[in-house]
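**Student:** next one to model:
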Amino acid sequence: FNFPLNLVAHKVAPSIAAGCPFVLKPASKTPLSALLLGDILASDPLLPKGAFSIVPATRGAADALTTDDRFKLLSFTGSPAVGWKLKERA
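**Tutor:** Modelled structure (predicted):
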């Protein structure tokens, strides 16, 4: 459980497969695997520029991602208590 790259891959792969752009906020304690994946994806000539953003941020700074109306879907991995709080705000 909680393997950072595996968790990121399970979120990112469906977005890419569906052609949906995504913004990824990696876990604050384990951002390197998400950043490495971002480097790999950025070198893929089949992905258009702007197809994704990876935003390492603190929980407080990332709050804008939860409340921004431009985001139509929020996917979260973590505790149920935090998930329900995010759902209320989204």
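**Student:** do I have it right that Pro26 meets Ala34?
**Tutor:** Yes. With contact defined as C-beta atoms under 8 Å, Pro26 and Ala34 form a contacting pair (3.5 Å). Glycine gets a C-beta too; all of them are placed from N, C-alpha and C.
**Student:** which neighbours do the two have in common?
**Tutor:** Common contacts of Pro26 and Ala34, defined by C-beta atoms under 8 Å, 6 or more residues apart in numbering, comprise Pro4, Val8, Ile54, Pro56.
**Student:** so which of the residues you listed is the most crowded?
**Tutor:** Counting neighbours by other C-beta atoms under 10 Å, Val8 comes out on top of the shared contacts of Pro26 and Ala34 with 23 neighbours.
**Student:** what's the closest non-adjacent residue to it?
**Tutor:** What sits nearest to Val8 in space, not counting adjacent residues and going by C-beta to C-beta, 6 or more residues apart in numbering, is Ala34, at 5.0 Å.
**Student:** one more: Pro56?
**Tutor:** Nearest in space to Pro56, with sequence neighbours left out and distances taken as C-beta to C-beta, 6+ apart, is Pro31 at 4.4 Å.
**Student:** that neighbour and Leu37, how far apart?
**Tutor:** Distance, Pro31 to Leu37, by C-beta to C-beta, to the nearest Å: 11 Å.
**Student:** equivalent analysis for Leu74, please.
**Tutor:** 20 Å.
**Student:** give me the more crowded residue out of these two.
**Tutor:** Under the neighbour definition other C-beta under 10 Å, Leu74 and Leu37 were set side by side, and Leu37 has more, 19 against 12.
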